[in-house]
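Colleague: give me coordinates for this.
(one chain, ligands or ions: 1)
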Amino acid sequence: MSHFIKSFLGTQDLQTAEIFELFSLAQNFKTHFLTHGQFPLQFAKKPLMALLFFEPSTRTRLSFEVATLRLGGLSTFFDGASKENTSLIKGESLEDTFWTVHAMMPDAIIVRSGDEFPLHSLRDRVQCPLINAGYGTESHPTQALLDVFTMLENFSEIKSKNILFIGDIRHSRVVGSHRELLPRLGARIGVVGPKHLTQGLESHIQVMDKLEDGLKWADVVMGLRIQFERHGSQQEFSRENFIRDYQITKKHGELMKEHALLMHPGPVNWGVEFDPSVRELKHFKMWDQKSNGVFVRAALLDHLMKSFRRGNGF
Ligand code: CP
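Modeller: Okay, here's the model as predicted:
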């Protein structure tokens, strides 16, 4: 890959050809790992990845750590979501926390934060690659990449595919990243959900009134976690009405196209956006997404480390 990239803060940081090269590398990692139980290559040095997470995470954190370790690197984790055991409890700012970690000279910093963290302003000031591991309600670019990688494992191409997102579009950083990535790859986006959670989207995004219409239209159905913690004092959301109008159950599999995929970035509020019976559907691909998170993030880390070294002439 010839494009020089120092940081990955959004899907727009990668050229389209570069994304497909990244997917080839991720596929190579996956195939080799499933055949030989190890990755086909290791980092040239033993880079230290510093994970700085100001919000909780299971999948993203662990898949970055697993990817790093499988590639022969090291990782260290700052748990800023549990303030009690850090100097955040003493009033240290998020930005000072970031620069404290940065001063310890890790080889990359992987950050998860809320919208209040000045992520984008750090891009030109950091001395190592900076990676967005989920930023407020704005973006979650590595999730979008692993989602598309999972789609491509099932379809030969993403062009002209219909991707339906259900539910809490308004607070979904995953949708935020897909709004940039999917149209660029030629896919169409549709959404369905309560009106107050599906407003303010680009005109090319199809807003469906009924779940059934969306399910018949979609090649990929993506459930989203209702982000209760971001709803604040909004009283508009009715759990009962949501379950009645938008919850996916096994029965909905009958409306989906034969080849359609049912996905979810996780974590799932079981019994809200998905009924547990959906796990029996052949369409259900959520566990593949979790496995693929490791391979796609490993490919991204490998790409970034090489690109950063090239950009610095070493
Ligand atoms: N999908 C996702 O970002 O999950 P985590 O919050 O557990 O990392």
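Colleague: does stretch 264-271 come close to the ligand?
Modeller: Yes: residues of stretch 264-271 contacting the ligand under CB under 6 Å from any ligand atom: P265, G266, P267. For every residue, glycine as well, the C-beta is placed using N, CA and C.
Colleague: please apply the same query to stretch 160-174.
Modeller: No: residues of stretch 160-174 contacting the ligand under CB under 6 Å from any ligand atom: none, with a closest distance of 7.0 Å.
Colleague: export that stretch to PDB, keeping only CA atoms.
Modeller: Written as PDB, here are the backbone C-alpha positions of stretch 160-174 (Å, rounded to 0.1, in the frame of the first residue of the first chain):
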ATOM      1  CA  SER A 160     -25.700  -1.900  -5.200                       C
ATOM      2  CA  LYS A 161     -26.400  -3.700  -1.900                       C
ATOM      3  CA  ASN A 162     -29.100  -2.400   0.400                       C
ATOM      4  CA  ILE A 163     -28.000  -1.900   4.000                       C
ATOM      5  CA  LEU A 164     -30.800  -1.300   6.500                       C
ATOM      6  CA  PHE A 165     -30.100   0.100  10.000                       C
ATOM      7  CA  ILE A 166     -32.800  -0.300  12.600                       C
ATOM      8  CA  GLY A 167     -33.500   1.700  15.700                       C
ATOM      9  CA  ASP A 168     -31.200   4.200  17.400                       C
ATOM     10  CA  ILE A 169     -29.700   5.800  14.400                       C
ATOM     11  CA  ARG A 170     -29.300   9.200  16.100                       C
ATOM     12  CA  HIS A 171     -26.900   8.000  18.700                       C
ATOM     13  CA  SER A 172     -25.000   5.400  16.600                       C
ATOM     14  CA  ARG A 173     -21.400   6.200  15.900                       C
ATOM     15  CA  VAL A 174     -21.400   3.000  13.900                       C
END
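Colleague: could I get the buried residue list for that stretch?
Modeller: 161-174 (16 or more other CB atoms under 10 Å).
Colleague: for L48, see how far away the closest residue to A133 other than its chain neighbours is.
Modeller: Once flanking residues are discounted, A133 sits nearest to R112: 4.3 Å by CB to CB, 6 or more residues apart in numbering. Distance, R112 to L48, by CB to CB, to the nearest Å: 18 Å.
Colleague: more neighbours, the two?
Modeller: R112 (26 against 17; other CB atoms under 10 Å).
Colleague: any part of the one helix or strand the more buried one maps to near the ligand?
Modeller: If you go by DSSP states H and E, R112 is part of strand 108-113. No: residues of strand 108-113 are not located near the ligand by CB under 6 Å from any ligand atom, the shortest gap being 7.4 Å.
Colleague: just checking, next helix/strand downstream of that strand?
Modeller: helix 119-122.
Colleague: flag every buried residue along stretch 298-312.
Modeller: Buried residues in stretch 298-312 (16+ other CB under 10 Å): A298, A299, L300, L301, D302, H303, L304, M305, S307, F308.
Colleague: can you give me how far it is from the chain middle?
Modeller: Centroid displacement of stretch 298-312 relative to its chain, using CA atoms, centre = their mean, to the nearest Å, is 19 Å.
Colleague: T142 and L211: what is the separation?
Modeller: 28 Å.
Colleague: looking at those two, which one has more neighbours?
Modeller: T142 (24 against 20).
Colleague: my reading is that the more buried one lies in a helix. Confirm?
Modeller: Yes: remark: T142 belongs to a helix, assigned using DSSP: H, G, I helix; E, B strand; the rest coil.
Colleague: leaving out chain neighbours, which residue sits closest to it?
Modeller: Once chain neighbours are set aside, the closest to T142 by CB to CB, 6+ apart is R297, at 5.7 Å.
Colleague: please report how far the one you found lies from the ligand.
Modeller: Applying CB to the nearest ligand atom, to the nearest Å, the value for R297 to the ligand is 11 Å.
Colleague: thought that residue was touching S63?
Modeller: Yes: at 5.3 Å, R297 counts as touching S63 under the criterion of CB atoms under 8 Å.
Colleague: taking the buried residues of stretch 160-174, tell me the two that lie furthest apart.
Modeller: K161 and H171 (24.5 Å; CB to CB).
Colleague: quick one: secondary structure of C128?
Modeller: Taking three-state DSSP, the label given to C128 is coil.
Colleague: identify the residues contacting it.
Modeller: Counting by CB atoms under 8 Å, 6 or more residues apart in numbering, C128 makes contact with H102, M105, P106, D107, A108, I109, F308.
Colleague: quick check, nearest of the buried residues of stretch 160-174 to the ligand?
Modeller: The shortest approach to the ligand among these belongs to V174, at 7.0 Å (CB to the nearest ligand atom).
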